[in-house]
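>>> Predicted structure and sequence below. I'll ask about it afterward.
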Protein chains: 2
Amino acid sequence: MQQPEFELLSRHIMKRVQLTEEELDFMLSKFKLAKIKKRQFIVQPGFTAKFRNYVCSGAFRAYVVIDNGEDHTIQFAIEDWWITDYNSFFNNQPATMFVVALEDSVILQLSRENEDLLKQANHKYETFFRISAERAQAFHFRQLITNLTQPAEFRYESFLDRYPQIVNRVPQYALASYLGMTTEYLSKLRNKRTSKQ
Amino acid sequence: MQQPEFELLSRHIMKRVQLTEEELDFMLSKFKLAKIKKRQFIVQPGFTAKFRNYVCSGAFRAYVVIDNGEDHTIQFAIEDWWITDYNSFFNNQPATMFVVALEDSVILQLSRENEDLLKQANHKYETFFRISAERAQAFHFRQLITNLTQPAEFRYESFLDRYPQIVNRVPQYALASYLGMTTEYLSKLRNKRTSKQ
DNA sequence: CTAAAAAGTTGAACCAGATTAACTTTTTAG
DNA sequence: CTAAAAAGTTAATCTGGTTCAACTTTTTAG
């Protein structure tokens, strides 16, 4: 397991739980490396999301398409983030989201079966997934508060502050829908900002 | 442990993990019963949320207050729901939310220390908390999608459909801010609906 | 390298929902 | 039981953000 992709994931895991070398290797052995081309889908509505995906390099976007054809970005993921349709993955139901690569990417995939196997095999693995879910829970709470309490301009500026490394890697229409506004309006906000400074 | 409050929690737990009688009793022994009067706070900004709270009876509201004095409801909880400021509880940081009783209520409180102790004591307890967090994660995703993709009227109607038992127990201004609209606007929507039928 | 498609920009008209304010109804605390 | 406070209603006015449409720039696929 010397490949740099597995190195990254190892560090990610060991930051959260203390595993012995064998425990770590066993866990890593359940992940499958996949190279994903730009514009390729790793989750699609109608099919069950079979994997939880750890991004080693590249970038992804999760989005839903509603009746009138509009799409709404739900999540981005770059290096060291996880992405999937969790409703589908956890409940074994058909996905409602698309997850698509925004760049050529490398990911490590963990199937639901292997995840269940790990969770049962060792208390420490279970702890890892518990911590991941708790962090996601706290993250979504913060996000909900921002969406509910802040106007569009502030949401954009917060995103700039917090995720400067993402802003310039994703298409603007995707960012606009993530922030809950139209691409035209985001364009105006950007213009206003740059002419200000 | 024959009190009806503990009965309710027992069923809640056993639906998620299979515990022996002793395991269940040990887990329950870590919870502390508390009676909370209407308008009493169980979480307040500035203080760390020391407990995760299981609602046996009654109703609660979690909300944040922003600069201009407006308050925004983040979550409701009635019987068989959990509530706290998870950011504060998980990260041992001062809360940013209020959690207040909307009715005289009875809750079972689990401190962060006891929760950590349980998580370490037995793989099955850890599994229970992992499942809880995963469900919360999936729930928040669905909520995020609704907020991002649906107009105010639809959000209200969805809430009516999904939580008919909550609608008439919470003040309207609290529901309005939960749904991301003003109390005046919600009043109009309601009026429109009732005059329609 | 090139044509076509996709993404981003700009401005004018518009609207869902906010704001303000005056009022009515319900709840609460003595 | 009662006065005051809190919650909810209604209507007029206003605005942050959308929609539509025409245009420019960038990206993509041969």
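Structure received. As the structure is a prediction and not an experimental result, all values here were calculated from the model.

>>> what helices or strands is the longest helix seen in chain A leaning on?
When chain A is scanned for its longest helix (criterion: DSSP state H), the result is helix A:123-149. In terms of contacts (3 or more Cβ pairs under 8 Å, 6 or more residues apart in numbering or on different chains; DSSP states H and E), helix A:123-149 is packed against helix A:21-29, helix A:112-121, helix A:152-162, strand B:71-77, helix B:86-91, helix B:123-149. Quick note: C-beta positions are derived from backbone N, CA and C, even for glycine.

>>> how far does the helix or strand bottoming out on mean pLDDT in chain A sit from the chain's center?
Here the helix or strand of chain A ranked lowest by mean pLDDT, DSSP states H and E is helix A:183-196, holding a mean of 85. Remark: helix A:183-196 is offset 26 Å from the chain centroid, using Cα atoms, centre = their mean, to the nearest Å.

>>> Around DNA strand D, which positions in chain A sit nearby?
Within chain A, the positions adjacent to DNA strand D are A:38, A:39, A:151, A:152, A:153, A:180, A:181, A:182, A:184, A:185, A:188 by Cβ under 7 Å from any atom of the strand.

>>> Enumerate every residue touching the fourth one.
Think residue A:152. By Cβ atoms under 8 Å, 6 or more residues apart in numbering or on different chains, the contact list for residue A:152 reads A:179, A:180, A:181, A:185, A:189.

>>> buried subset of the residues you listed?
A:179, A:181, A:189 (16 or more other Cβ atoms under 10 Å in any protein chain shown).

>>> Let me know whether the first one touches residue A:153 as I believe.
No. Residue A:179 sits out of contact with residue A:153 when judged by Cβ atoms under 8 Å, with a separation of 9.8 Å.

>>> any idea how far DNA strand C is from the closest residue to residue A:101 other than its chain neighbours?
Computed as Cβ to Cβ, 6 or more residues apart in numbering or on different chains, the closest residue to residue A:101 that is not its neighbour in sequence is residue A:36, at 4.6 Å. Distance, residue A:36 to DNA strand C, using Cβ to the nearest atom of the strand, to the nearest Å: 17 Å.

>>> What residues are bridge-paired with residue A:36?
Beta-bridge pairing of residue A:36 under DSSP bridges involves residue A:105.

>>> Please report how far it lies from residue A:162.
Distance, residue A:36 to residue A:162, by Cβ to Cβ, to the nearest Å: 25 Å.

>>> do the same with residue A:66
27 Å.

>>> wait, residue A:6 sits on residue A:28?
Yes. Under the criterion of Cβ under 8 Å, residue A:6 makes contact with residue A:28 at 5.5 Å.

>>> Now the longest helix of chain A: average pLDDT?
For helix A:123-149, the mean pLDDT works out to 94.

>>> Give me the buried stretch members for that helix, please.
A:123-138, A:140-141, A:144-145, A:147-149.

>>> Show me which residues of chain A sit near chain B.
Within chain A, the residues that sit near chain B (Cβ under 8 Å from any Cβ of the partner chain) are A:64, A:66, A:70, A:72, A:74, A:86-87, A:90-91, A:96, A:119, A:123, A:126-127, A:129-130, A:133-138, A:140-145, A:147-149, A:177, A:180.

>>> so where is chain A shaky, pLDDT-wise?
Residue ranges of chain A with pLDDT under 70: A:1-2, A:194-197.

>>> so how far is residue B:40 from residue A:54?
Using Cβ to Cβ, residue A:54 is found at 44 Å from residue B:40.

>>> Please say which of these two ends up with more neighbours.
residue A:54 (23 against 14; other Cβ atoms under 10 Å in any protein chain shown).

>>> and the more buried one, that one's in a strand?
Yes. The assignment for residue A:54 is a strand, going by DSSP: H, G, I helix; E, B strand; the rest coil.

>>> Nearest residue to it in space, please, no chain neighbours.
residue A:108 (4.4 Å).

>>> circling back: how about the longest helix of chain A, does it reach DNA strand C?
No. Helix A:123-149 lies out of reach of DNA strand C by Cβ under 7 Å from any atom of the strand, never closer than 10.1 Å.
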